[in-house]
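> sequence and predicted structure are below.
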Amino acid sequence: MSNLIRPKIRIPQRTLGQPNFNFNELWEKITYAIDKIYERDTHDLSFEVLYQSVYIIVLNRKSKDLYDKLTEYITLKIKSSFQCEEWSASSDNDGSVFLSFISNLWTEQCRCFKLVSDIMLYLDKIYCKPNRILSVYDQCLELFKLHILIPNSDTLNRAMLSTINSSRESNTEVSPLASIWSSIVAMMQTVMAEGKYTYFDTYFEPFLLKETEEFYQNLIDVDQFSPLDCLEMVKSLKESEYKRDLTFLDTDSTSKITSVLEEVLIWDKIGKIIIVLTHQALKNDDIHLLQELFDLSLDTNYKNNVLTSVKSYIFEDLSAIHYNESLRKKSLMAISWVNSILQKYDYYETLLKTIDFGITTTQSEEENGNKDVDPHDLNKNILDEQFSLYLSKSGKQSAESVCFYIDTKLKSTSDRSKISNAKKDVDNCVKLFKLLSEKDIFENVYRQQLSRRLLHQKSSIELERWCVRKVKEEMGVFFTSKLDGMLRDMSKSMELSKAFAAGYSDTLGDINFVPQILTITSWPFQNFTDEELAKNEVILPSKLEQIKLDFELFYQKKYNERNLKWANPLSLVEIGHQFNKTYHELSMSMITAVIFLLFEEHSQLTIEMIEEKTNITRDELLRQLLSMVLSPKSRILSKKPMSKSISSSDIFSINESFSAPTLKVKVLTASAVVPNPTGTSTPMGTRISDISEDSMTSNGLSIKRERLVQINASIVRMLKPERTLTRNKLFEKVKSNLKDRFTLIQEDFTTSVNDLIEREYLQRDIEDSSILHYIT
Amino acid sequence: MSELKFIKLIGEGDKEYKVSYEAAMVSPVLKTMLQSPFKENAGKVDLTKYSGDTLEKVCEYLEYKLRYQNADETEDIPEFDIPTELSVELLMVADYLNI
């Protein structure tokens, strides 16, 4: 500005106050005005005069003096106003009088502060702001805090609390004191404490929260009430507290109190009974209650808690399903077990569908975590998780049972009318597939049962295909490649069979020959070694032998590259025979049939004769004869003399007095090998099925072997890219890699690692044996 | 008092200068003054230590500021003319009134 000097500029006539400046005189004017302000008598005062006084003081560089003096004077004023108001502690029972006194005092003081600070505008502008000290108004508030709030903070807090608590006790949502509370809270929020926090934040809120917690902590004793009553109480308390808080607190603090309440009432109190409550809700089918429980709090932990207890209930409920050992047959047990599980599954599925665990409805806020998850999916996950847990607890048994269930349903489906029923049942069961943890066991058992069904033509192929497709959908192609192979073999065999029957009807005669050509690798039979097959080589009755030779010829013509082997042990023969009383269709193994058919030409035979005519090994022969003579349901042979054991002098013949309630009779072969021989009798043949390849596996061993191969592969797969891993880490990786197939256990893992080390795929670290290296 | 349409600024020699209430509100000092329970709320403000032409300019400025303070950027805002000879005086009164 100094550059602008020009002759024309008019110098202001008065350079305000400079010559006769008198601080005290002006200050007196101001104190007089302050007094008047406190007396509410300001009509005759000129604001301009006061403002000008301040202006002059400031211009004369007396700002600091003014500020200090003002502070001093206001302190005086505040103190005196606090004392002169009549307030005696004795007449104040619950603190309400004190509260209203403070509230009024505050309102009045604020009015005065405002006016004083108005007068001091110029001081604020020139002195306070540039020097970064409190503006006059804030300084006044500070003084108020210092001289009134702090000395009385305890009384004030207590008074607030006791009035609030008494309102809580009487369960009044809108207290008559609400407006006073509200003004006190406003005061507390206006006055600053330290830093950027208000008095409210620093002194009152923590106090209030703590006391609230204590109040509610002591209010309810969970043990005294039934869980349901407790829930009701908590709900109403929470609601009324929320409404009450809103009458005097801002939403921020209200939500803090709400969370305290949740902490105390819901987390702590309800937490103790949440399991009881959810279980009760589930037991009584009370979806409403369950939903309510869930919506009670927005806290994720709480919600998880509810979910956990829902889960635990389901699990408990499942565990209550007994695997009924008392039933006679394994398949019956399995069916009843699977049925109950399916029943439960459907039940919970319907139940949980109606419940909304994802999005809460009590408040508009959405719960963060579950936002993008479809609530039904979530519910399904809960369900699946529990069922899976349960199924894996039962481990092998569950896998087998599911198989047995399917097996039973699929059997007896050669009759078309039953197909749709069976389909429905299997469809129902399919959802259990993917929950099984020991999927390899499932596959194994399934394969065996499938092979049995196929070979013995127990089920409709069409249905089997459909079923395998279902399995594929649930578990993937990897799972079903062998099953598919088996089904392929079956259809191919059927074509062959037709072609053969057309070309060789002469040889066949009245024999119904069903060849089944099986690809070795697909079927769950242990490798048939050549010796094994040779051992089972028997002399067939001439008719059958002719068919066999013809078929070999026929097959060679068609596929001359392929090697056809006959797997007699898998073959099944059905023979119709008229016994004395009844006619029966006997179904039996190939070997048994060979023996039985001998009696077509000989009425009596000894063991040696049979051996000679059939080329069956002695042990096997004993086994067969024993079953035919001794098994109570299928005693188709008799021997002389009658005794429990077989000796070489025994003479066998057809037991013509045999009779059974059903047309079809199964001749089972006993597995026990018993010493001593003998033999005789006569048969009649009509219907025969024949098979090539393999025998049934002894389950456990083959699964173990298969697992080992898979674990090995997985270890190598996991370790190769990493080169080096700790044992535990590797274990975890392999476990997760294999979890679709089965649950990896430490023992198998160790075996596998040792195996791989031996075969020099892996190497232990020389220094730290818990670290494994991949050897390239 | 808030119904007042105009307020009077009293300048040197008791000359009165009218300015609209809204324009006066532009100055925080005048605003506080007029809204306070002091005697100024009658609508008269004593500024006798300032010369008449200065106050006239002040009133002019207050109206000017009121008119254009919320103007959008596209609008043409005319320059406010300050007579050189009054500049120092105006500076002081502006400081006083905090405008």
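Yes, it's here.
> going forward, measure contacts and count neighbours with C-alpha atoms only.
Noted.
> ok, now which ones touch A:His584?
A:Gly576, A:His577, A:Gln578, A:Thr662, A:Leu663, A:Lys664, A:Val665 (C-alpha atoms under 8 Å, 6 or more residues apart in numbering or on different chains).
> mind putting those residues into a markdown table with pLDDT?
Converted to a markdown table, the contacts of A:His584 look like this (pLDDT from 0 to 100):
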| residue | pLDDT |
| --- | --- |
| A:Gly576 | 77 |
| A:His577 | 76 |
| A:Gln578 | 78 |
| A:Thr662 | 76 |
| A:Leu663 | 73 |
| A:Lys664 | 73 |
| A:Val665 | 73 |
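> which one of those residues is nearest chain B?
A:Lys664 (102.9 Å; C-alpha to the nearest C-alpha).
> in chain B, where's the longest helix?
Criterion DSSP state H: the longest helix present in chain B is helix B:52-68.
> check which residues of the host helix or strand of A:Asp346 are buried.
Following DSSP states H and E, one finds A:Asp346 within helix A:330-353. By 16 or more other C-alpha atoms under 10 Å in any protein chain shown, the buried positions in helix A:330-353 come out as A:331-342, A:344-345, A:348-349, A:352.
> now chain B, which segments are flagged as low pLDDT?
Residues of chain B that meet the criterion pLDDT under 70 lie in B:1-4, B:40-42, B:71-75.
> alongside chain A, which residues does it contribute?
Contact residues (C-alpha under 8 Å from any C-alpha of the partner chain) of chain B with chain A: B:29, B:32-33, B:36-40, B:45-47, B:49, B:84-89, B:96.
> how about a cut-off of 7 Å?
Counting by C-alpha under 7 Å from any C-alpha of the partner chain, chain B comes close to chain A at B:Thr32, B:Met33, B:Pro37, B:Phe38, B:Lys39, B:Glu40, B:Asp46, B:Thr84, B:Glu85, B:Leu86, B:Glu89.
> show me which residues of stretch A:604-611 are buried.
A:Gln604, A:Leu605, A:Thr606, A:Ile607, A:Glu608, A:Met609, A:Ile610, A:Glu611.
> pretty sure the fourth one sits against A:Ser653.
No - with contact defined as C-alpha atoms under 7 Å, A:Ile607 does not count as touching A:Ser653 (11.2 Å).
> now do the helices in the stretch 601-750 of chain A.
Applying DSSP state H, counting those that start in this stretch to the stretch 601-750 of chain A gives helices spanning A:607-614, A:618-630, A:699-722, A:727-738, A:746-758.
> with chain B instead?
Applying DSSP H to chain B gives helices spanning B:21-24, B:28-35, B:52-68, B:87-97.
> how about the residue in the stretch 151-300 of chain A positioned nearest to chain B: what's its closest non-neighbour residue?
Residue nearest to chain B within the stretch 151-300 of chain A: A:Thr190 (21.4 Å; C-alpha to the nearest C-alpha). Spatial nearest neighbour of A:Thr190, chain neighbours left out: A:Thr198 (6.6 Å); criterion: C-alpha to C-alpha, 6 or more residues apart in numbering or on different chains.
> quick one: residues contacting the one you found.
Contact analysis of A:Thr198 by C-alpha atoms under 7 Å, 6 or more residues apart in numbering or on different chains lists A:Met188, A:Gln189, A:Thr190, A:Val191, A:Met192.
> which single residue of chain B ends up nearest chain A?
B:Glu85 (3.8 Å).
> distance of that residue from B:Leu91?
Distance, B:Glu85 to B:Leu91, using C-alpha to C-alpha, to the nearest Å: 11 Å.
> repeat that for A:Phe82.
From A:Phe82 across to B:Leu91, the span is 44 Å (C-alpha to C-alpha).
> repeat for A:Lys704
Spatial separation of A:Lys704 from B:Leu91 under the definition C-alpha to C-alpha is 100 Å.
> what's the burial count for A:Lys492?
The number of residues packed near A:Lys492 is 13, by other C-alpha atoms under 10 Å in any protein chain shown.
> in three-state terms, label it for me.
Three-state assignment for A:Lys492 (DSSP: H, G, I helix; E, B strand; the rest coil): helix.
> and A:Ser240, what element?
Taking DSSP H and E as the definition, A:Ser240 sits inside helix A:227-248.
> ugh, wrong one, A:Val573
Per DSSP H and E, A:Val573 falls inside strand A:572-578.
> quick one: strands adjacent to that strand?
Next to strand A:572-578 in the sheet, as set by DSSP bridges, lie strand A:583-589 (antiparallel), strand A:687-691 (antiparallel).
> return the member of the ones you listed having the minimum mean pLDDT.
Mean pLDDT is lowest for strand A:687-691 among the strands paired with strand A:572-578, at a mean of 37.
> out of the contacts of A:His584, which are buried?
A:Gly576, A:His577, A:Val665.
> check contacts around the last one.
This means A:Val665. A:Val665 makes contact with A:His584, A:Glu585, A:Leu586, A:Ser587 under the criterion C-alpha under 7 Å, 6+ apart.
> in CSV: the residues you listed, plus distance to A:Val136.
What follows is the contacts of A:Val665, written out as CSV (distance: C-alpha to C-alpha, whole Å):
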residue, distance to A:Val136
A:His584, 117
A:Glu585, 115
A:Leu586, 114
A:Ser587, 111
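> from these, which is closest to chain B?
A:Ser587 (103.2 Å).
> hmm, the closest one is touching A:Ile575, no?
Yes - between A:Ser587 and A:Ile575 there is a contact at 6.3 Å, judged by C-alpha under 7 Å.
> who touches both of those two?
Common neighbours of A:Ser587 and A:Ile575 (C-alpha under 7 Å, 6+ apart) do not exist.
> what's the domain layout of chain A?
A:23-194, A:220-320+A:355-394, A:512-696, A:699-774 (automatic domain parsing).
> ok, back up a step: what is the nearest of the contacts of A:Thr198 to B:Glu56?
A:Thr190 (41.2 Å; C-alpha to C-alpha).
> measure A:Glu732 to chain B for me?
Applying C-alpha to the nearest C-alpha, to the nearest Å, the value for A:Glu732 to chain B is 67 Å.
> got a pLDDT number for that residue?
Looking at A:Glu732, the pLDDT reads 83.
> identify the residues contacting it.
If you count contacts by C-alpha under 7 Å, 6+ apart, A:Glu732 has none.
> repeat the analysis, applying 10 Å as the threshold.
The contact partners of A:Glu732, taken as C-alpha atoms under 10 Å, 6 or more residues apart in numbering or on different chains, are A:Leu738, A:Leu744.
> looking at it, A:Lys235 is touching A:Leu265, isn't it?
Yes - taking contacts as C-alpha atoms under 10 Å, A:Lys235 lies within contact range of A:Leu265: 9.1 Å.
> now the closest residue to chain B within the stretch 101-250 of chain A, what are its backbone angles?
Across the stretch 101-250 of chain A, the shortest distance to chain B (C-alpha to the nearest C-alpha) belongs to A:Asp118, at 6.5 Å. When read as degrees, to the nearest 10, the backbone of A:Asp118 gives phi -60, psi -50.
> ditto for A:Tyr774
Main-chain torsions, A:Tyr774, degrees, to the nearest 10: phi -90, psi 130.
> okay, now it: neighbour count?
21.
> returning to that earlier point: so which of the buried residues of helix A:330-353 also contact chain B?
Taking C-alpha under 10 Å from any C-alpha of the partner chain as the test, chain B is in contact with none of those.
> ok, the residue of chain B closest to chain A - how many residues close by?
Neighbour tally, B:Glu85, other C-alpha under 10 Å: 15.
> please apply the same query to A:Ser226.
11.
> A:Phe82 and B:Leu91: which is more packed in?
A count of neighbours by other C-alpha under 10 Å puts A:Phe82 above the other of A:Phe82 and B:Leu91, at 16 against 12.
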